[in-house]
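**Student:** what's the 3D shape of this:
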Amino acid sequence: MIPDLDLPVLADADVVIAGAGPAGVAAALAAARSGADVLLLEQTGACGGMSTSGLVPVFIHMSDREHLVASGICLELVSEMCRRMGVAECNYIWQHIDPEVLKRVYDDKLAEAGVRLFLSVKIADVIRRGDRVAALAVATSRGLKKVTARIFIDATGDGLVAAAAGVPFEFGDAEGRTMSPSLCVQYSNIDLERMREADRRGEGAHQLWFRHKDQIPLDEYHIVGVSEYGSGSGSGNLGHVYGVDATDEAGLTRAYREGRKVAEIIHRFYRRFVPGYEKADLTATAPLLGVRESRRICGDYRLGFDDYRARRHFPDEVGCFYYPVDI
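**Tutor:** Sure, this is the predicted structure:
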């Protein structure tokens, strides 16, 4: 925690939200539509976090196949993305994302709600007075500045604001190990019809990975596949980088560099073995690492596996999710 230096004020608002991923965008829209003066801060050049800059390819399991379990702002944003993509009917189990379309959806919805947005602003620290956060110190291209507000919401993904303010948190398992991140990828020039036909006959990337695993110089259990959009493009949640602490600068640097090597190896596999990818290009690795686990803020209640197994509900819940335990 830095002292209250004589920092210039970048902005003041009723509510300041750190992080413009899906959670931060939803918080900003809800607050602004309730009449608050809202400021949203984002370290990258686009809103959306994992869903855009992270190139995570799909929105999954908004439905239990009978009922929508995700609604409200989530449903609004995904439905608008589908409309702009020209998708006749959203797939609320496994809806492909066009990241460029989704970036513009976030931009437009925030502008319509009157949310003030600053991109390329990185949270550096908090400034406290007593037991309250008085301001956020932020790093800009013109040096450190501060942002003041009555309410601060931490949607950074890393729990950065809360941790800097002294809020207790957990990290990893008993040995400090976390789920491993992925550096997602973007492909172009896919023969989508050939790819779909191979999937139908059980010769998709997932099956072929197991069949040819001994010829691939990568210790990876399986490949989920690429989610298509447009006329020959797709994003893939492919491969892992193991042993990464997402809050450590050296660890993050290694993850990006190793992630690009993993992406190249998997791309060679796709071009060599997977129908429809013979001429596919690896057009991008994500500018934002796909982190699955970082700090977990300690709140009033610790949600655990027993809660999941019991399908437990709470009087103050804001949403539900339908998905099996992953690992």
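
**Student:** Name the surrounding residues that touch the longest helix seen in the chain.
**Tutor:** The residue-count maximum for a helix in the chain (DSSP state H) belongs to helix 249-273. Under the contact criterion Cβ atoms under 8 Å, 6 or more residues apart in numbering, helix 249-273 has outside partners 181-183, 185, 187, 205, 208-209, 212, 216-218, 220, 223, 226, 236, 238-241, 243-246, 277-280, 282, 285, 289. Any C-beta I mention is one placed from the backbone N, CA and C, and that applies to glycine too.

**Student:** Any quick ChimeraX command for the buried ones out of these?
**Tutor:** Per 16 or more other Cβ atoms under 10 Å, the buried members of the contacts of helix 249-273 correspond to this ChimeraX selection:
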select :181,182,183,185,187,205,208,209,216,220,223,226,236,238,239,240,241,244,245,246,277,280,282,285,289
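
**Student:** still on that earlier bit, please identify the buried residues of the longest helix of the chain?
**Tutor:** For helix 249-273, the neighbour count (16+ other Cβ under 10 Å) marks 252, 255-256, 258-259, 262-263, 266-267, 269-270, 273 as buried.

**Student:** Wait, A30 touches I73, no?
**Tutor:** Yes: assessed by Cβ atoms under 8 Å, A30 is found in contact with I73 at 6.6 Å.

**Student:** pLDDT value on the residue nearest to A165 when sequence neighbours are not counted, please?
**Tutor:** Excluding its sequence neighbours, the residue lying closest to A165 (Cβ to Cβ, 6 or more residues apart in numbering) is V126, at 4.8 Å. What the model reports as pLDDT for V126 is 96.

**Student:** ok, V126 to V291 distance?
**Tutor:** Distance, V126 to V291, using Cβ to Cβ, to the nearest Å: 21 Å.

**Student:** Give me the neighbour count for E112.
**Tutor:** 11 (other Cβ atoms under 10 Å).

**Student:** Kindly apply the preceding question to A286 instead.
**Tutor:** 23.

**Student:** Could you report the pLDDT at the closest residue in space to it that isn't next to it in sequence?
**Tutor:** Nearest-residue entry for A286: L55, 4.0 Å, with adjacent residues in sequence omitted and distances by Cβ to Cβ, 6+ apart. Note for L55: predicted pLDDT of 98.
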